[in-house]
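Novice: I need the structure of the sequence given here:
(chains A and B)
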There are 2 protein chains.
Amino acid sequence: MAQVKVVVTLKPSLLDAQGRVVQDALHSMGYANVGQVRIGKYMELEVTANGKGDLNSEIKEMCDRLLANPVIENYTFEVVE
Amino acid sequence: MAQVKVVVTLKPSLLDAQGRVVQDALHSMGYANVGQVRIGKYMELEVTANGKGDLNSEIKEMCDRLLANPVIENYTFEVVE
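Specialist: Below you'll find the predicted structure:
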């Protein structure tokens, strides 16, 4: 049983409206030293070996097909045994 | 200018409905070896030194006041210089 941590972020060239709202909220709360805020998704999956091939390539396939939108998002993942 | 990476997750005792939906979707796509899925938020903040006190305690305060809901969520953060 491996634990997989996936982080999905919006591509840097795209405006992160949600992050902008959080940045403005932090400013209005007095945290003037906060610059750009970008918001993404974090996922933890428990995965068992599938007996056919590499776990990393399976996770990559899951990210491309469901967990992230490769058109507008980047993702990274880390497998913790 | 420090970069702060914040991960906010639902407390383990709480049902993660969104994670459950993703888990079911992965199963229906043929990834039967996926167990529990839990979904959280990921945030990247650019923060400059505020000149008064510790950056870590300021980030902790931001998390408690805005970025996370301490009643139902846990958070961790990492300051990358």
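
Novice: From here on, just use CA atoms for contacts and neighbour counts.
Specialist: OK.

Novice: what does chain A put close to chain B?
Specialist: By the rule C-alpha under 8 Å from any C-alpha of the partner chain, the part of chain A lying against chain B is A:7, A:26, A:33-50, A:62, A:66.

Novice: How about residues contacting the longest helix along chain A?
Specialist: Under DSSP state H, the helix in chain A containing the largest number of residues is helix A:17-28. When contacts are taken as C-alpha atoms under 8 Å, 6 or more residues apart in numbering or on different chains, the neighbours of helix A:17-28 outside the stretch itself are A:Ala32, A:Asn33, A:Val34, A:Gly35, A:Gln36, A:Val37, A:Arg38, A:Ile39, B:Met62, B:Leu66.

Novice: Between those residues, which sits nearest A:Val79?
Specialist: Of all the contacts of helix A:17-28, the one sitting nearest A:Val79 is A:Ile39; the distance, using C-alpha to C-alpha, is 21.9 Å.

Novice: pretty sure the closest one is touching A:Pro12, no?
Specialist: No - counting by C-alpha atoms under 8 Å, A:Ile39 stays clear of A:Pro12, with 11.0 Å between them.

Novice: The two: which has the busier surroundings?
Specialist: Neighbours of A:Ile39 and A:Pro12, each counted by other C-alpha atoms under 10 Å in any protein chain shown, are more numerous for A:Ile39; the result is 21 against 11.

Novice: if I pick the residue nearest to that one when sequence neighbours are not counted, what's in contact with it?
Specialist: If the residues on either side of it in the chain are set aside, A:Ile39 comes closest to B:Met43, at 4.5 Å by C-alpha to C-alpha, 6 or more residues apart in numbering or on different chains. With contact taken as C-alpha under 8 Å, 6+ apart, B:Met43 is in contact with A:Val37, A:Arg38, A:Ile39, A:Gly40, B:Val4, B:Lys5, B:Val6, B:Val7.

Novice: what's across from the first one in the sheet?
Specialist: Going by DSSP bridges, A:Val37 is paired in beta bridges with B:Leu45.

Novice: how far away is it from B:Glu78?
Specialist: Spatial separation of A:Val37 from B:Glu78 under the definition C-alpha to C-alpha, to the nearest Å is 15 Å.
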